[in-house]
Every structure is written in structure tokens, then in C-alpha cells.
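Peer 1: from the sequence below, what's the structure:
(one chain, ligands or ions: 1)
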Amino acid sequence: IPVDSFDLVVFGGTGDLARRKILPGLYRRFVAGQMPEDARIIGAARGDMDDEAFRSLVREAIEEFGGKAAQEAEALGLFLERLHYVAIDAKGESGWSVLADLIRPDVVRAFYFSVAPSLFGDLAERLHHYEIATPESRIVVEKPFGRDLESARALNATLALHFTEHQIYRIDHYLGKETVQNLMAVRFANILFEPLWNARHVDHVQITVAETVGVGGRGAYYDRSGAMRDMVQNHLMQLLCLIAMEAPYRFDPDAVRDEKLKVIHALEPVRPEDIVRGQYRGMGKGTEGSYCADAENPDSRTESYVALKVDIANWRWKGTPFYLRTGKKLRARASEIAIVFKEVPHSIFGEEEGWRENVLSIRLQPNEGMTLSVMIKEPGPGGMRLTEVPLDMSFAEALGENGEDIPDAYERLIMDVIRGNQTLFMRGDEVEAAWAWTDPIIAGWDARGDRPKGYDPGSSGPEDALMLLHRDGRRWREIR
Ligand code: BG6
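Peer 2: The predicted structure follows:
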């Protein structure tokens, strides 16, 4: 279904995120017929460039990152005609009147701030000063949304000077991932899981976001951030919330976000012994390929891996730990949420070898899908032996042709901005609450001068992270 017509201005329109995600994502929506024919995208950045030069830059980006759709030459040509470019000085006055003249009345106006947060205030102010933004306009902001509670509050306050909360779309691209949305469907559109979805029946939950890439190329940003700020405060926290939250009364932006916020408020402070930080080493001798070399900071104490045990102090979850881990340069790119259920109260089959608990595994990437492992009788005449089989729901298979081309998170989220649907975006109070929980953890490391533990590239992370579960009589699931 096509969305309403729009003018989308992408500040930072020639930057990395625009080239990799935003513009190719918009193009795929165009090919899918969701973008109205007269919708326009206006790139805005510092450099001098005309529409033609911008179009050829976008063409290259789509050829590189647009997937199969990039081969549709005719569609690509038509899409590029929808693009314009304005050279703009975020901190000065040049370019703004040009943008004001270019943007159309009577269509949805959206402004994507794909720039450093230090420019948010300047952009917001000028959008108003030049009467480019209206009370119906939307702005989209990217993470990092602050680096602690104080800076996040300041950013929220800056944006609030010119925009109301319902105009602000804070992106956490994990919320746009197909499987993450499906998590809500599975929880709240089926009767099967809800009765078991609590501390009485769930032994523990594991959330893993493992990556194979290092931080090379973006070391300057990452070294000031680390896995806790870069991944846990936002992406892993959002996943945790979707698993732990109560059923919202409706699938409505504030109803969903109210429930997520309650979960964040219920998080117990993390004890130092419940968290392990890691940093990848180099291969072989020397530091080549190590985190410190990639970050160009020989004495860096920033973590490229973190694993932690999180307790939620409410009726549903008290006593069921959530173990989270994420890291760079690990064995495989594999992200999974695993709900590990408790054992049956009494086994009528005696001490069965190979007996396993039921696990609901939700794979975010790659091979999106869900698997519920169940115990059955091993087929054949060999007596009553048990074996574990997966009830498998791979999305690609279940969805047939559509499943092969699962839309990227950004495609979905940008279309939601145009539709005016904030359900999959973070509200200001959520972001602040997440920082309020994260800040003391980081402050503790700083105060103690903790150094992260080394781990080998291609491994599953530092040894100490294994202990985090071993000492509770549990095991991490394999990263594969
Ligand atoms: C980003 C982080 O938000 O998410 C990156 O800044 C990380 O460090 C990326 O690599 C992971 O996203 P995805 O979609 O590839 O899992």
C-alpha cells in the first residue's frame, strides 16, 4: 500500500548511513510500489554538488548496497529522478532559503538527521527559523542518542525547543528487523506462549548479538563508546523489553512504549561480578588486527564485548535471569534470543541421557526464523528413548517468495515515519531510563579502572563470560 506523498530531507545525505541504508532502503520501497510517484528525497550536506552529481552518487550506492532490486535499470532511472540536492551549512545560513523554496506544502515533510548529534540543535533551530518545518513535520534522529543520561536529557531538551514528542522519531534499527516485530506477533497473537511466559516456567533468557566485524574504520567513534553504549543501552535493551513486557492494551505507539518503559524501570542495578567486559586481541604476535590497533589507541580500555546478567524485579520475572552478550570479531554473525524453559517437574522416563529443556529460539540474523525444540520419542522399535527435534519456522520458507527478500529494518522504519506511526521508535523517556540504568555500570568500571579481558578473534568471547553462566549451572548457547 503506497504511503502519502512526501518530501524527505536527508541531512548528511552523502554520508555513510545514507549511502548504505537510507537511500538503498528507499529505493527498494520504490521498487515495491510503496513510494508514491511524486515523492521526493532531498539530500542535504555541506559539499557543493548539483542534482546530477548527487544522483550518480546515489546510483553507485544502490548498485553496491541495493541488492537484487539494483538490477532493475528502468526503476532505478525513475527513482533517481525523485532526488534533489541542496548544499547546506548546518551552523550557518547558506542553503536554507533554497531548501525552503524547494520543499512543497501539502505533502508530509520529514527530516532525517543523519549527522552528529552536536548538530541536532542547529538543524532544528534553522528548520524553524526558515519556516521549513511545520507542526506536522517529522524529524528522524539516529543513535547514539547521547552518551549518558545527562547528554541524552540535553538532546531531548534541545529537540523539545522546536518539536513535540509526537514529531520525533528516534531510530533503533533493531526494532525494524522483521523477526523483532514478529516477536510481538508470536507473544500476543497466540495463546500458546503467554501462560508459560514467566518466572514459573522460564528458567532463563539469553540474548546474543554476535558480530564478525571489528571496529576498523570507525574506531574514533567506537573507542569513546564501547559495546555497552553502542549495543546494550539500545539494541539489546529493546530486545529485552519486548520479551519481558506485559501485553500492551493495544498495538499503539504509547501503549507499547509505556510497557517497555516499565520493564526498564524494573531492572535491578547490575553487580560488578555479574558483568564481563572483553576486548579482542590481534592474531598471532604483535598487535596487528587487535582492538587497540583498529581503534588507533594503544592503551584503550574500551570493551568490544560485554556479557551480563540482568535481573528484573517484578512479579513476572523475579528469579529468572536474562543473560545478554554482544561483541565484535566473534566466531560468527549470529543474533538470537533464546527462551530456555524449565525442566518438567518429574521425569517419568527416569534419567534420560540427552534430555534437554524446551527452548524457543528466535533468530534475528542470519536465517531469520523461530525454532521451538521439543522432546519426542526416538522413532523405531528401540524402546522408549527420547530425542530432541526442532519445530522449525524459517521465515524464508514460511513466507515463500516474499521471505527470500525480507525488507531491511530501515525500509520499514522510514515508511513508518511517513505514515506517522511511532510504535517502533524510542520515546524520550525510554532512552533516558535506559541511560539511567547503564550509567552506574560504566561509572563503576571507570572508578575501578577495570581493564577488559582479552579474547581471540573468531572465538566466542572471553573465558570469564562462560563462568557467568557456569556458576549458575547454565551454559551459553553456541554462537553459529
Ligand atoms: C549499530 C552499531 O547500531 O549496529 C554497530 O553501532 C553494529 O556497531 C550494528 O555493528 C549492528 O547492526 P546489524 O543490523 O548489522 O546487526
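
Peer 1: please name the nearest non-neighbouring residue to E142.
Peer 2: I171 (5.4 Å; CB to CB, 6 or more residues apart in numbering). (Each C-beta comes from the backbone N, C-alpha and C, glycine too.)

Peer 1: which positions in the protein make contact with the ligand?
Peer 2: K143, E211, D230 (CB under 6 Å from any ligand atom).

Peer 1: least confident of those?
Peer 2: In terms of pLDDT, the lowest of those is K143, showing 88.

Peer 1: touching, that one and D172? I think so.
Peer 2: Yes: using CB atoms under 8 Å, K143 is in contact with D172, at 6.6 Å.

Peer 1: can you pull the residues that touch both of those two?
Peer 2: N234 (CB atoms under 8 Å, 6 or more residues apart in numbering).

Peer 1: okay, these two: which has more neighbours?
Peer 2: D172 (25 against 19; other CB atoms under 10 Å).

Peer 1: list the contacts of the closest residue to the ligand within the chain.
Peer 2: In the chain, the residue that lies nearest the ligand is D230 (4.8 Å; CB to the nearest ligand atom). The contact partners of D230, taken as CB under 8 Å, 6+ apart, are P144, Y222.

Peer 1: and with 10 Å instead?
Peer 2: D230 is in contact with 143-144, 215, 218, 221-222, 224, 302-304, 306, 326, 328, counting by CB atoms under 10 Å, 6 or more residues apart in numbering.

Peer 1: ok, A110 next?
Peer 2: 6-10, 41, 133, 137-140, 167, 169, 414, 417-418, 420.

Peer 1: mind listing the strands the strand or helix carrying it pairs with, and their directions?
Peer 2: Using DSSP states H and E, A110 falls within strand 108-113. In the sheet, strand 108-113 lines up against strand 6-11 (parallel), strand 138-141 (parallel) (DSSP bridges).

Peer 1: would you mind pulling the contact partners of the shortest one?
Peer 2: For strand 138-141, contacts defined as CB under 10 Å, 6+ apart pick out 6, 8-11, 22, 108-115, 117, 120, 123-124, 127, 133, 155, 159, 162-163, 166-171, 413-414, 416-418, 420, 422, 425-426.

Peer 1: make it 8 Å
Peer 2: Residues contacting strand 138-141 (CB under 8 Å, 6+ apart): 108-113, 117, 120, 124, 127, 133, 159, 163, 167-171, 414, 417, 420.

Peer 1: just say which of the strands paired with strand 108-113 is most tucked in.
Peer 2: Neighbour counts (mean count of other CB atoms under 10 Å) averaged over each of the strands paired with strand 108-113 peak at strand 6-11, with a mean of 25.

Peer 1: C-terminal to that one, what's the next element?
Peer 2: helix 16-17.

Peer 1: state the mean pLDDT of that following helix.
Peer 2: On average, helix 16-17 scores 94.

Peer 1: what packs against it?
Peer 2: Packing contacts for helix 16-17, counted by 3 or more CB pairs under 8 Å, 6 or more residues apart in numbering; DSSP states H and E, involve no helix or strand.

Peer 1: which residues are in contact with that helix?
Peer 2: S114, E142.

Peer 1: and the helix or strand following that helix, how far out from the chain's middle?
Peer 2: Following helix 16-17 in sequence order, the next helix or strand is helix 23-31 (DSSP H and E). Distance, stretch centre to chain centre, for helix 23-31: 20 Å (CA atoms, centre = their mean, to the nearest Å).

Peer 1: counting by contacts, list what helix 23-31 packs against.
Peer 2: helix 51-65, helix 73-81, helix 409-419.

Peer 1: orientation of that helix relative to helix 409-419 in degrees?
Peer 2: 70 degrees (axes from the mean of the first three to the mean of the last three CA atoms, to 10 degrees).

Peer 1: contacts only, for Y323.
Peer 2: H204, V205, Q206, I207, A307, L308, K309, V310, L468, L469, R474, W476.

Peer 1: show me where pLDDT drops low in the stretch 301-450 of the chain?
Peer 2: Where the stretch 301-450 of the chain drops to pLDDT under 70, the residues are 352-354, 396, 398-405.

Peer 1: quick check: D446 vs F341, distance?
Peer 2: 38 Å (CB to CB, to the nearest Å).

Peer 1: what are the buried residues along the helix ranked longest in the chain?
Peer 2: Assignment by DSSP state H gives helix 428-448 as the longest helix of the chain. In terms of neighbour count (16 or more other CB atoms under 10 Å), helix 428-448 has its buried residues at 428, 430-439, 441-442, 445.

Peer 1: coming back round to it: give me the buried entries from the contacts of strand 138-141.
Peer 2: Of the contacts of strand 138-141, these count as buried by 16+ other CB under 10 Å: 108-113, 117, 120, 124, 127, 133, 159, 163, 167-171, 414, 417, 420.
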